[in-house]
Structures are given as structure tokens and as C-alpha cells.
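> give me the fold of what follows.
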Amino acid sequence: MPDGKKRQNGPPDPRFPLPRESRTLAEAIYRQAHNIGLLFTKFLWVWDEDWTLDAKFKEGKRERSVKSWFLEQIEALAHSFPRDAYDAFLDRQLQMIQSLEEHGYETSVFGKRAEARILSGLGGTHPMEVGFAFHPLYGFPYLPGSGLKGVARAWAELTGQDVEKITLVFGSESKDERLVRERRQGDVIFLDAYAIAPPKLDVDILNPHFPDYYRDPKNYLPTEWQSPNPVNFLTIGIGDRDEEKPVFRFALAARSDETLRLAEEWLERGLEQLGFGGKTACGYGYFAEGRISIEEIEKLRKAGLAKTPSQKQPVVQTLSPAPKPAPEKPPIPASPTKQKAKVSPKPPEPAAQPAVKQGDKLDAEVITNDGGKVTVRLLGGLNQEVTFEHAYYPHPPGKKVKVRVMAVTREGKVTKVIPG
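Residues are numbered from 1 along each chain as shown. The predicted structure follows:
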């Protein structure tokens, strides 16, 4: 091809850099992963035959790269992180904070609402060229405590706070081993921050218009005839409405009340005025003014838990068909024997529905496609409607498609599907 890019007809088949038996297993179950961070950082699966990420493919009328497609798959899979596991983790962090109080620490827990998308972990090493901070054990997005400490210190230094107080809160800056006697440990512990509900991921785009100049500024000028080089990356999204903006819970522990109050103020001002994470100069990473109390945080969490029957797995919402009305009984049965003869054929009806198991590919028809949520009707005698989320699903209503079953109830009802 003129630009040296490889073309293929459709989305790439999974290709994991693993031994054969492990690869076969990964290809079968990777879409069921709950640890999206592990999938993103260790098990990238869109390699081509030469183990590069340069391929492009046709999707409808447009051409796209496997990199952008991969990030959208990660975004969609992240919707299914189990809410009960996430809430259990938040509760364990509160218990740890209470344990610190029992050991003599002063603690503070408060919330702040994000006002802009957050780009955490941009500089992390990754084959996609841009990284993202997922929790190392559980794989959900979070704000590392080390980054929060850096935001608080940056605000304190930029605003000319007292050097002795800065040293008291953060410790000595020098790491010179010859000055070990002069080193000082900071009094404040900055804990990792987590959203009070699993945060939504959004794929964003950076489009440098002068790639040659950025790669080699000594030999190229920023001229208008250079081809833009779009770069996609993950962010923590803020939704379309104020109530969808994620609320993060911040926690600090200190050896004294004085240092705790200083750290609280500097961290809050830093999040509001400097922002957290990458590309803050472009408006990313800023938080709203004012704090949310721990009591209000718990109210918001409980309100979110009350919605879990419909929001626990936002990727898939099953629309159950309306139950069929029971047949009316004859007003005067001819005899007990005839009555049984009419009623006995009823039980086999559920058994007549085709048996479906996880991993099956089914025929379906697209009912609606609004560019974000897609509803399909399962064919082959199932007569069920299932909704899933897909950012760029190319098929219009009425189109016959294939879907893959990801979850089935004991009664045989399909509750979760993905494009097949």
C-alpha cells in the first residue's frame, strides 16, 4: 500500500503472544475478563502476523486502525466490572483507614466531583504508545496516591507556601545518600483515590498535524502538507450530564492534625486549579470546587446501589418478552380425563426452546441502533430481545447478524451478548 499500512477485511481475530494451549484458552474466554487492566497491559490481542499493530480494516464505509478498535473493546468490556466486588473493595479501604485511626493517625476522607475527563497513567510504557493507570490487582481505573501527593506538593510550591511546612508534610526532597542524616520522612500518607462507583472509560483522540516535525524538529518544519497522525487513548469519562460525572473518594492519614489540614487544603486546591494526570494544559483532570462529606458519599453510594438491578451491567440490558396470557379453561370440562389431556401438553413448551450455553454464536436481527446502544432479537426459536453497548456498530435495523452468548440464566434465558 502507498502508506505502508496493512489492510484487512474486518476486525482482527484474537492473537495472543502465549504458548499454544494458553493462547487457545485466552481466545475462548478473554471477553469475559473482569480484570480489564491485566487485559490491557499484558494481553493485547490485536497483533498482526508480523506482531505489529499497524493493520487497518474496513468498518462499513470507513477505514480504521486496529489500535482504535482495540481501545473501544476495552471500553466496552470495562462496563461489566462487577459492582458488588467494587463496593467490597471500597469498604475494605474504609476499614484500613479506621485501623490507622486506632494506631494513632489523624485521618480525613472526603469526595470531589470530576469536571473533566481524567487521563491517568499516560506516560506508562505500552505497545499502544500511550498508557493508562489500572489498579495493579483488580484492574479498574484509579488515581494513584503518588500522583495525588505530587499535585498537592506542586500547588504548595507554586503558591509559595512555607518551606518548613512543605518539608513537614512531604518530607525532604533530596535523595543524596551523603545527606542521609538530614533526610526527613513526610508526616502525611496519601492513599489511592477511587470513584464511588466503577468509572466509565471513554476513548479520546489526539491528532498531531505535524508528525514529521515532532519526530525530527532539526530536519523538518511544521508545514501544512504533513499528514495528521491520529493517536487514540483511554480516559476516565464524565458522561453527558452533571449527575454522570464521577465522584472520587480521597483519603489522607497524618501523624498530626496540623499536617493533615495542610495536606487537605493543598490537595483540594491542586485538584481544582492544577488538575490531575496528563494533558491538564488542554483541560483534562480538573475537579469541581468544594468537597463532599463522607456522609454524603455514603448516601450517593447507597443511591447507586439501589439502581444496580438495572445498572449493574450497563453493557447488556435484557428486555424480556411479555409473558403470554394463560389459556382460558373451558367453562365446563367434559371429564377429568379430557381436562388432563388439554393441560398436559403445556409443560413441554419451555423444553422446546433451543438449549443455549455460554460461547454459542446465535443468529439475530437488529431492532434498534442509536449509535451507542444496540437492541437485537435472537432468532432460531428463542424470541428474546437483548441490548448491548457498542460505539460504532455498523449494522442498521433489520439486518441479520451474529452475536455471541456471554451469560445465560439457569432457566436458559440469554442475559448478555456481544457482537459475534
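
> how about low-confidence regions in the stretch 251-400 of the chain?
Within the stretch 251-400 of the chain, the stretches with pLDDT under 70 are 305-354, 371, 391-392.

> where along it do the helices fall?
Using DSSP state H, counting those that start in this stretch, the helices found in the stretch 251-400 of the chain span residues 257-273, 294-306, 308-311, 336-343, 348-352.

> what angle separates the helix ranked longest in the chain from helix 294-306?
If you go by DSSP state H, the chain has its longest helix at helix 83-102. Put simply, helix 83-102 runs at 160 degrees to helix 294-306, going by axes from the mean of the first three to the mean of the last three CA atoms, to 10 degrees.

> how does this protein divide up, domain by domain?
Partitioning the chain according to automatic domain parsing yields domains covering residues 7-78, 83-311, 315-321+354-420.

> mind listing the strands for the stretch 301-420 of the chain?
316-319, 361-369, 373-378, 384-389, 400-408, 414-419 (DSSP state E, counting those that start in this stretch).

> those strands: which one's closest to residue 232?
Of all the strands of the stretch 301-420 of the chain, strand 384-389 sits nearest to residue 232, with 17.9 Å by CB to CB. The C-beta positions use only the backbone N, C-alpha and C, and glycine is treated the same way.

> what's that closest one packed up against?
strand 316-319, strand 373-378, strand 414-419 (3 or more CB pairs under 8 Å, 6 or more residues apart in numbering; DSSP states H and E).

> quick one: distance of that strand to the chain centre.
Remark: strand 384-389 is offset 20 Å from the chain centroid, using CA atoms, centre = their mean, to the nearest Å.

> neighbouring strands - and their directions - for that strand?
Using DSSP bridges, strand 384-389 pairs in its sheet with strand 316-319 (antiparallel), strand 373-378 (antiparallel).

> show me what counts as buried in the host helix or strand of residue 205.
Residue 205 belongs to strand 201-206 when elements are defined using DSSP states H and E. Applying a neighbour-count criterion of 16 or more other CB atoms under 10 Å, the buried positions in strand 201-206 are 201-204.

> next, format those residues as CSV and append distance to residue 96.
Formatted as CSV, these follow (distance: CB to CB, whole Å):
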residue, distance to residue 96
201, 26
202, 30
203, 33
204, 33
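
> got the residues you listed as TSV, with distance to residue 240 and pLDDT columns?
Below are these laid out as TSV (distance: CB to CB, whole Å; pLDDT from 0 to 100):
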residue	distance to residue 240	pLDDT
201	15	91
202	11	90
203	15	90
204	15	90
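
> buried residues in the longest helix of the chain?
By 16+ other CB under 10 Å, the buried positions in helix 83-102 come out as 83, 86-87, 93, 97, 100.

> equivalent analysis for stretch 256-271, please.
For stretch 256-271, the neighbour count (16+ other CB under 10 Å) marks 259-260, 262-264, 266-271 as buried.

> most widely separated two among the residues you listed?
Top of the distance list for those (CB to CB): 259 and 271, 18.4 Å.
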